[in-house]
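1. Provided below are the primary sequence and the corresponding predicted coordinates.
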Number of protein chains: 2
Amino acid sequence: MDTEVKALINELEKFLRDEQLTMNETVLEEHSTDESYHTPSSPNVVVFPENAAEVSEVVKLADKHQIPVVPYGLGTSLEGHVIPYDHGITIDFSVMNNILEIREKDFLVRVQPGVTRSQLNKELKKYGLFFPVDPGADATLGGMAATNASGTMSVRYGIMRDQVRNLEIVLADGKTIHTGNLAEKSSSGYHLSGIFVGSEGTLGCFTELTLKVYGIPEHQMAARASFNTVDDAVEAVTAILQAGVPIARMELLDEPSMVQANLYSETDYKEVPTLFMEFHGNEAGLAQDVSFAEDILKDFDCLEVAFETETAARNKLWEARHHVLYAYTHGYPGRKLMITDVCLPISELAGAIQNAQEAIRTFNLQGGIVGHVGDGNYHIFLMIDLDNVEEVQKAEQLNEQIVEYALDRGGTCTGEHGVGIGKQKYQEKEHGEALHVMEKIKQALDPRGLLNPNKIVKGRVSAGRE
Amino acid sequence: MDTEVKALINELEKFLRDEQLTMNETVLEEHSTDESYHTPSSPNVVVFPENAAEVSEVVKLADKHQIPVVPYGLGTSLEGHVIPYDHGITIDFSVMNNILEIREKDFLVRVQPGVTRSQLNKELKKYGLFFPVDPGADATLGGMAATNASGTMSVRYGIMRDQVRNLEIVLADGKTIHTGNLAEKSSSGYHLSGIFVGSEGTLGCFTELTLKVYGIPEHQMAARASFNTVDDAVEAVTAILQAGVPIARMELLDEPSMVQANLYSETDYKEVPTLFMEFHGNEAGLAQDVSFAEDILKDFDCLEVAFETETAARNKLWEARHHVLYAYTHGYPGRKLMITDVCLPISELAGAIQNAQEAIRTFNLQGGIVGHVGDGNYHIFLMIDLDNVEEVQKAEQLNEQIVEYALDRGGTCTGEHGVGIGKQKYQEKEHGEALHVMEKIKQALDPRGLLNPNKIVKGRVSAGRE
């Protein structure tokens, strides 16, 4: 081991208890990867701080010894965000998992970064409140803010960035800042929350989050609408959005995805292209929305609409949807997941998904399509055999083709998963000259390039070790 | 005139037509002030570019000669944002006022920065669409993005920052970037739109904006609810929000403000503390919302609720509300407007407004309260005699007291007007160490400090002229 790393660990051991610092091989290996196909790489040491002061101390020492720091939630990222390719310290936030305050009247909560979304929702339920951002994984809220995650309810409630009212952040020099306040809106100073949400640990470590929460809607109705073709389904989505129906969820699963969902979740849903929908509102308004949406669905040759008003049936439906990612990984043992994540303006979505289906067929790959189609965001879940060089290449080619298609039509290479290392090669094309502005911001806030080095921006920013 | 300025003007004259560049005293004076009480200061020259290439050329020359640049929309700012205290070039964007594209299906528009909100709404109406951000003034969209403006509908549709999908920006070195794309969401790279919205011309000049727009709601209902006391009104607001009624507008006018509104708008509304409200939705849902809200209003001793369903009556009501600022300035000839703009968590709003009313009485100042109370944001309109030193001091003391009260309770010194120069003295207290992060970002993107110098951040950033 590098002598600087050894010196650092010696200093860390002075203020962290035994169970807060480990070089155990199993733990290092756990922190060498995420849920993606990207090549693993281990940190030198994993630390488990219990408060912001300890995080600050760790980052200060990393700065002193010029050792990289990677913040880590639960490792559910999908583009290699948390893989420490330059080794160094992984800060695991799982011990900082307290819900600190629920400001019921202000629809705000204050949490530590290691709190998971389901942990928060369990607590909020007691107050008639809920948190709407729901990526597939039961991720930590810190990780969700770091990647600007979203999920099935973003079409109605917005994405992670929209929920963050304030962040407490330990910067590269160990200083602590807060980026916002408790007010609903502010025009005071540069909007730092905006730039830190989605910064993937490259600008600072989040040690506390203040988030918006919502009242559980008075009435909810879930529905499954079955179609002959994915095309019909997507056209129906577009029509519903354009009609101004305030839908709360609008998800697409193609035929292969319905097969995997049924297998994993023990449901017996019709295995055809399906929209999973949800409506929130007052009793009268909801009824009118649902009836209007049903009319539109029928205009697009919907085979059948199954409504679920019972809480249990509704939960089962959404569990099946949420578990699709695990359904795929479970359904293809030995294979790894490569997942595309483009998002397009809604007018381009039908063409994009048609193009994606053709590409899956052309490349003869295994997988299917799942999409937050209300947002114009869809995923191809590709299950690939990493030992099959040709298959990996084909999957990468398909990914590139899908991204190029989206970028050429005003879309983005990643709607919700983030850049990590998997989407880095598209940054220049997507952002052009703006990428240099991002590099300047990185340089200004992390001049030594020690915070999650070479993620999002790379090249001009060095990892700090000469 | 400074020789550098002369040299710059010589170069500007080479590519701008006569009518695009002026040193006419009247025009310089027009550009020496905004709608606030802040001391005027004239630019050396005002230019009227017609496209981004010309803006870039102007900024490049300013950089070459180290002359400050202040972008200017219509001068409706309220904290001295556009006043060029370091002189130099004012870039007036009023000629760049074309609506470039309406992407009806995508609920997006692309506009030049000089388009005003009413100009946009007039055009959008043809498509059944509208743009919801409505500050009191008919400001330009570029200016509204620069100050992160909001207005009466933010409680439902969000603030300016929420509507900006993409910005084309000329940076300090004259290079042009775009900050976003056309997709509903993205996790690709740092969220530059977030940091540029609200940057008040200190980080770049906006040359094009892509904005979200909305379908005109199927049904709308406006209402005026009269109360004995401001306290009752604010308590009713809090209760309606907490009950989860999805209100579209929720505005408070106190008794003096109702008097001014009636005088200016020739209305005969009851001159007591009043909530102006609006509900949007489908027919059935709206009816249920309105009836629920009415029940709550009655619980808080509402004297009367007057509903307006007719478009003309609804427009009259909202015009009266929008014109309150001009009503005050019209009602107090010879006096200048000083306006507070704090925003607090909703649970603190009632106490804050009570405190504000007491302060107005204690300081014996002339004015009243108007608030976007659904957001926790309220204004005191103070009409001050700038020649009366004691009165100016009292107004400043009151402003400080109001801001301190808000900051002590997790609020912000400015909910929607921005920092300009008027809120600069509160930046250290509000942001603490984060202010240094803002300074670093300013330094990284405008190293010579030539873009709207010494606004938002000051001190370490020099105006560029040694």
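-> All right, it came through fine.
2. just for chain A, where's the confidence low?
-> Scanning chain A for pLDDT under 70 picks out the ranges A:459-466.
3. and for the helix or strand hosting residue A:398, what are the contacting residues?
-> Counting by DSSP states H and E, the element that carries residue A:398 is helix A:389-408. Outside helix A:389-408, the residues that touch it by Cβ atoms under 8 Å, 6 or more residues apart in numbering or on different chains are A:338, A:340, A:342-344, A:348, A:352, A:355-356, A:359-360, A:363-365, A:380, A:382, A:384-386, A:411-413, A:423, A:426, A:429-430, B:183. C-betas here are computed from N, CA, C, even on glycine.
4. Which among the residues you listed count as buried?
-> Among these, those buried by neighbour count (16 or more other Cβ atoms under 10 Å in any protein chain shown) are A:338, A:340, A:342-344, A:348, A:352, A:356, A:359-360, A:365, A:380, A:382, A:384, A:411-413, A:423, A:426, A:430, B:183.
5. Just to be sure, which of the residues you listed are found in helices?
-> Members of the buried ones among the contacts of helix A:389-408 lying in helices (criterion: DSSP state H): A:352, A:356, A:359-360, A:430.
6. From the residues you listed, list the ones also adjacent to chain B.
-> residue A:430 (Cβ under 8 Å from any Cβ of the partner chain).
7. ok, which pair from the ones in helices among the buried ones among the contacts of helix A:389-408 is furthest apart?
-> Largest separation among these by Cβ to Cβ: A:360 and A:430, giving 22.9 Å.
8. distance between the one helix or strand residue A:12 maps to and the chain's centre?
-> Residue A:12 belongs to helix A:3-15 when assigned by DSSP H and E. How far helix A:3-15 lies from its chain's middle: 33 Å, per Cα atoms, centre = their mean, to the nearest Å.
9. My reading is that residue A:232 lies in a helix. Confirm?
-> Yes. Counting by DSSP: H, G, I helix; E, B strand; the rest coil, residue A:232 is found in a helix.
10. ok, it - how many residues close by?
-> Around residue A:232 there are 21 other residues, counting by other Cβ atoms under 10 Å in any protein chain shown.
11. Quick one: residues contacting it.
-> Residues near residue A:232 by Cβ under 8 Å, 6+ apart: A:273, A:300-302.
12. Look up how far residue A:113 lies from residue A:167.
-> From residue A:167 across to residue A:113, the span is 9 Å (Cβ to Cβ, to the nearest Å).
13. The two: which is more packed in?
-> Taking other Cβ under 10 Å, residue A:167 and residue A:113 do not tie; residue A:113 has more neighbours (27 against 24).
14. To which secondary structure element type does the more buried one belong?
-> Using three-state DSSP, the structure places residue A:113 in coil.
15. Quick check: chain neighbours aside, which residue is closest to it?
-> Distances taken as Cβ to Cβ, 6 or more residues apart in numbering or on different chains put residue A:142 closest to residue A:113, at 2.5 Å, once the chain neighbours are dropped.
16. So the one you found versus chain B, what's the distance?
-> According to Cβ to the nearest Cβ, to the nearest Å, residue A:142 stands 15 Å off from chain B.
17. host element of that residue?
-> helix A:141-147.
18. Quick one: list the elements packing against that helix.
-> helix A:117-125, helix A:160-163, strand A:205-212 (3 or more Cβ pairs under 8 Å, 6 or more residues apart in numbering or on different chains; DSSP states H and E).
19. Remind me what the shortest one packs against, helices and strands.
-> Here helix A:160-163 is seen to pack against helix A:141-147, strand A:205-212 when contacts are counted using 3+ Cβ pairs under 8 Å, 6+ apart.
20. what does the first one give?
-> Counting contacts by 3+ Cβ pairs under 8 Å, 6+ apart, helix A:117-125 packs against strand A:99-103, strand A:108-111, helix A:141-147.
21. ok, 10 Å please
-> Judged by 3 or more Cβ pairs under 10 Å, 6 or more residues apart in numbering or on different chains; DSSP states H and E, helix A:117-125 is in contact with strand A:99-103, strand A:108-111, strand A:129-130, helix A:141-147.
22. what is the orientation angle of it with strand A:205-212?
-> For helix A:117-125 against strand A:205-212, the angle by axes from the mean of the first three to the mean of the last three Cα atoms, to 10 degrees is 40 degrees.
23. Identify the contacts common to residue A:167 and residue A:113.
-> Common neighbours of residue A:167 and residue A:113, using Cβ atoms under 10 Å, 6 or more residues apart in numbering or on different chains, are A:142, A:145, A:206-209.
24. Surely residue A:263 and residue A:269 touch.
-> No. Judged on Cβ atoms under 10 Å, residue A:263 makes no contact with residue A:269 at a distance of 11.1 Å.
25. which one of those two has more residues nearby?
-> Set residue A:263 next to residue A:269 and count neighbours by other Cβ under 10 Å: residue A:269 wins out with 19 against 13.
26. Since that was my last question, I'll sign off now.
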